[in-house]
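In: can't give you the sequence, but here's the structure:
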């Protein structure tokens, strides 16, 4: 039995690493030739967080323009989001406001953290950490982290950071020995 089940949506432009992030979290694998997502992919992950048993229902939304019409429907019931961009592709970073405007149009409110993917490609960086933090704050996002699905750096931490924010929005009573015994 879970203390809470959270619907989490991962979104952002095509080729920024959303599916690689999900696959690294789920199976601890990295595939350099990962196929692009068609529409949306869905997986669940049991997640132990601060003594609570949580289930994350992770929706990996395709970044291609032709699927954007589906995005508002996928947002229904979302409790948290990861807005991802590629640190080596400024274009993926500059479109984060477009993604956020779609969410604003649905009147959905949930915590969103900004995640810069491909941090292992530091030599090809086009978006500085400082700029990403500044833009994330200006847009009212709930956090910022960079990660690498290739090396595994900050993958778990990305989901832990989001989970912390979701729990602040939706408090969950911790399971105690007393409540189990009764």
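Out: Cool, got the structure. Everything numeric here is computed off the predicted structure, so don't read it as measured data.

In: Stretch 57-67: end-to-end distance?
Out: Using C-alpha to C-alpha, to the nearest Å, the end-to-end distance of stretch 57-67 comes to 20 Å.

In: now what about it, what contacts it?
Out: By C-beta atoms under 8 Å, 6 or more residues apart in numbering, the residues outside stretch 57-67 that reach it are 5-16, 18-19, 22, 25-26, 36-45, 70-71, 74, 78. (C-beta placed from N, C-alpha, C; glycine too.)

In: Among the residues you listed, name the ones in helices.
Out: By the criterion of DSSP state H, membership of those in helices covers 18-19, 22, 25-26, 71, 74.

In: List of residues touching the longest helix along the chain?
Out: Across the chain, the longest stretch assigned as helix under DSSP H is helix 155-169. Residues from elsewhere that reach helix 155-169 (C-beta under 8 Å, 6+ apart): 4, 6, 8, 21, 24-25, 45, 47, 49, 54, 56, 79-82, 110-111, 113, 115, 142-143, 145, 147-149.

In: and that helix, average pLDDT?
Out: When pLDDT is averaged over helix 155-169, the result is 94.

In: likewise stretch 44-58?
Out: On average, the pLDDT along stretch 44-58 is 92.

In: So what's the gap between that stretch and the chain middle?
Out: Stretch 44-58 has its average C-alpha position 14 Å from the chain's average C-alpha position, going by C-alpha atoms, centre = their mean, to the nearest Å.

In: residues contacting the nearest residue to residue 105 once chain neighbours are set aside?
Out: Nearest-residue entry for residue 105: residue 72, 7.0 Å, with adjacent residues in sequence omitted and distances by C-beta to C-beta, 6 or more residues apart in numbering. The contact partners of residue 72, by C-beta under 8 Å, 6+ apart, come to 102, 105-106.

In: Which members of those are positioned in helices?
Out: Mapping the contacts of residue 72 onto helices (DSSP H) picks out 102, 105-106.
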